[in-house]
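Participant: for reference, the sequence and a predicted model appear below.
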Amino acid sequence: AFLGVGRDITVEVPFRSFAAYKAADPWKEFTNMQPYVTNGFVADNLVYKIREWNVSVRLDGYVTEPKGLLDIPEIVTDKGATYSVTEINDESFAYCEELTELIIPSTVTVIGSHAFHYNRKFTQITVRATEPPFIGEGAFANTERSIPVFVPATSLEAYQAADGWKEFTNLQAKDMSIIIVNDLKYRITDETAREVELIGYKDGVPIPTELPATVLYSGKEYSVTRIGNRAFAECFWISSFILPNSVKSIGEEAFSYCWELSEITIPNSVETIEKAAFAYNFMSKITIGSGVKSIGDEAFADNDSFVEMTVLAAVPPTVGTDAFRGTKRDIPVHVPGASFDAYKAADVWKDFNLWDMDLITFIANGLKYRFTDKDKKNVELIGYETAPPDVLKIPATVTNDGTTCSVTAIGKEAFVGCKGILGVT
């Protein structure tokens, strides 16, 4: 029937029959089969019917039967238009017997008849709407009425009185500002500005060492502007964290007792480091970003392993009581050259072995060096300015401004990513 027709052409079929077409001869031979929706669209496997262009949509079902968690978004987009999900259609998820958890967004006002009929494996339902959505006949037929149904804390009584919802015997109040994305826990701090605070992680899951600057939840993107109190306290096994350049404050004890943490870079976006944020660790190096204005009491207390600090702030940050308790005052603390005198006069900072960072590095023959002593007799090779040759020759000495210096060390990750190097002498 389709002799000579390329199998890579687009073939649109009714979305409710998509699975059947994918399994049927000869339709299954077509590699670019797409679900067709009249006056609607598909986003992330869910099918939406446009109710009002660029305003609202109805959730009509799915392309491939969902399993496990069904987290319905508040907002969806298609072809540049943005829509609120306000309805769930009749029978849209009936007989989806592998669904175990359901999250209904705050924008939904109507759940159609038999929408989730015969979904017997639900273990919990979360409804984020402050006003109980209207429930059609049999919307949750065959769902066990004793499962926990979480609703906004301020709306618990309304749900307990609402038809359809009051039949559930285990309605529970929940703080709907707390969300989980990719196993990390957040608190929505400003819905209008789309900002969240990272407050922790799910137990028993790996913790990413690179923390996100933004998170997508229910169709909306939020900026991570704070690391909450004790968010990662006592993560003894984590050796490094990369903080996003969106965070403005780091909460109390946020990274305390992270004993394997060897060094940290505070991004330039951070303005406040709160009490004991990095206390009781064994860090050797830290870089404090240019935006930091205040460092709280005991912020880095009992990190007696520090060998070096870099502070990029042009104005010396204010420092709380015991912020650097246990840190040796003779370690090098690198500060901006233009602010050197300000640091020499500032409380706490003036007690350290301050170095003008503008004078401690130089480049010779394409390689980058850093002085390791104030007499400028010894240097560490810390990287390169131009691509190194195939065979990298590391000199025993190097000259800067007429002075010969001994190359005594090669810095951490100095040549990471130099794939063109074939040999080193």
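Facilitator: Arrived safely.
Participant: OK, contacts around residue 178?
Facilitator: 185-188, 199 (Cβ atoms under 8 Å, 6 or more residues apart in numbering). To be clear about C-beta, it is placed using only N, CA and C from the backbone, and glycine gets the same treatment.
Participant: going by distance to residue 82, which of these wins?
Facilitator: Sorting the contacts of residue 178 by how near they are to residue 82, with Cβ to Cβ, puts residue 188 at the top with 19.0 Å.
Participant: so that closest one sits in a helix?
Facilitator: No - checked against DSSP: H, G, I helix; E, B strand; the rest coil, residue 188 lies outside a helix; its state is strand.
Participant: which parts of the stretch 201-350 of the chain are helices?
Facilitator: 340-345 (DSSP state H, counting those that start in this stretch).
Participant: now do the strands in it.
Facilitator: The residue ranges that make up the strands of the stretch 201-350 of the chain, judged by DSSP state E, counting those that start in this stretch, are 214-217, 220-227, 249-250, 263-266, 272-273, 285-288, 294-295, 308-311, 318-319, 332-335.
Participant: and the third one, average pLDDT?
Facilitator: When you say that, I think you mean strand 249-250. The average pLDDT for strand 249-250 rounds to 98.
Participant: sorry, back to before: as JSON lines, the strands of the stretch 201-350 of the chain with mean neighbour count would be great.
Facilitator: Putting the strands of the stretch 201-350 of the chain into JSON lines (neighbours: other Cβ atoms under 10 Å) gives the following:
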{"stretch": "strand 214-217", "mean neighbour count": "16"}
{"stretch": "strand 220-227", "mean neighbour count": "20"}
{"stretch": "strand 249-250", "mean neighbour count": "24"}
{"stretch": "strand 263-266", "mean neighbour count": "20"}
{"stretch": "strand 272-273", "mean neighbour count": "24"}
{"stretch": "strand 285-288", "mean neighbour count": "19"}
{"stretch": "strand 294-295", "mean neighbour count": "20"}
{"stretch": "strand 308-311", "mean neighbour count": "20"}
{"stretch": "strand 318-319", "mean neighbour count": "16"}
{"stretch": "strand 332-335", "mean neighbour count": "22"}
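Participant: looking at those strands, which is nearest to residue 353?
Facilitator: Between residue 353 and those, the shortest gap by Cβ to Cβ is with strand 332-335, which sits at 5.4 Å.
Participant: okay, now the sheet partners of the closest one, with direction.
Facilitator: Using DSSP bridges, strand 332-335 pairs in its sheet with strand 308-311 (parallel), strand 353-356 (parallel).
Participant: among those, which is nearest residue 19?
Facilitator: Using Cβ to Cβ and comparing these, the one that lies nearest residue 19 is strand 308-311, at 57.6 Å.
Participant: neighbouring contacts of that closest one?
Facilitator: Outside strand 308-311, the residues touching it (Cβ under 8 Å, 6+ apart) are 284-288, 292, 317, 331-335, 343, 349, 352, 357.
Participant: what do you get if the cut-off is 6 Å, keeping everything else the same?
Facilitator: For strand 308-311, the surrounding residues in contact (Cβ atoms under 6 Å, 6 or more residues apart in numbering) are 285-288, 331-335.
Participant: send the alpha carbons of that strand over as PDB?
Facilitator: In PDB, the C-alpha atoms belonging to strand 308-311 read as follows (Å, rounded to 0.1, in the frame of the first residue of the first chain):
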ATOM      1  CA  GLU A 308      45.300  29.800  51.700                       C
ATOM      2  CA  MET A 309      42.300  32.100  51.200                       C
ATOM      3  CA  THR A 310      41.300  34.400  48.300                       C
ATOM      4  CA  VAL A 311      38.900  37.300  48.900                       C
END
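Participant: could I get the average pLDDT for that strand?
Facilitator: Confidence over strand 308-311 (mean pLDDT, whole number) is 94.
Participant: gap between it and the chain center?
Facilitator: Relative to the mean C-alpha coordinate of its chain, strand 308-311 is positioned 26 Å out (Cα atoms, centre = their mean, to the nearest Å).
Participant: quick check: end-to-end length of stretch 264-281?
Facilitator: Separation of the first and last residues of stretch 264-281 by Cα to Cα, to the nearest Å is 11 Å.
Participant: what comes up buried for that stretch?
Facilitator: For stretch 264-281, a neighbour-count test (16 or more other Cβ atoms under 10 Å) marks 264-267, 269-281 as buried.
Participant: same thing with stretch 27-34?
Facilitator: Those would be 30, 33, for stretch 27-34 by 16+ other Cβ under 10 Å.
Participant: I'd like the distance between residue 76 and residue 68.
Facilitator: Noted for residue 76: a distance of 20 Å to residue 68, by Cβ to Cβ, to the nearest Å.
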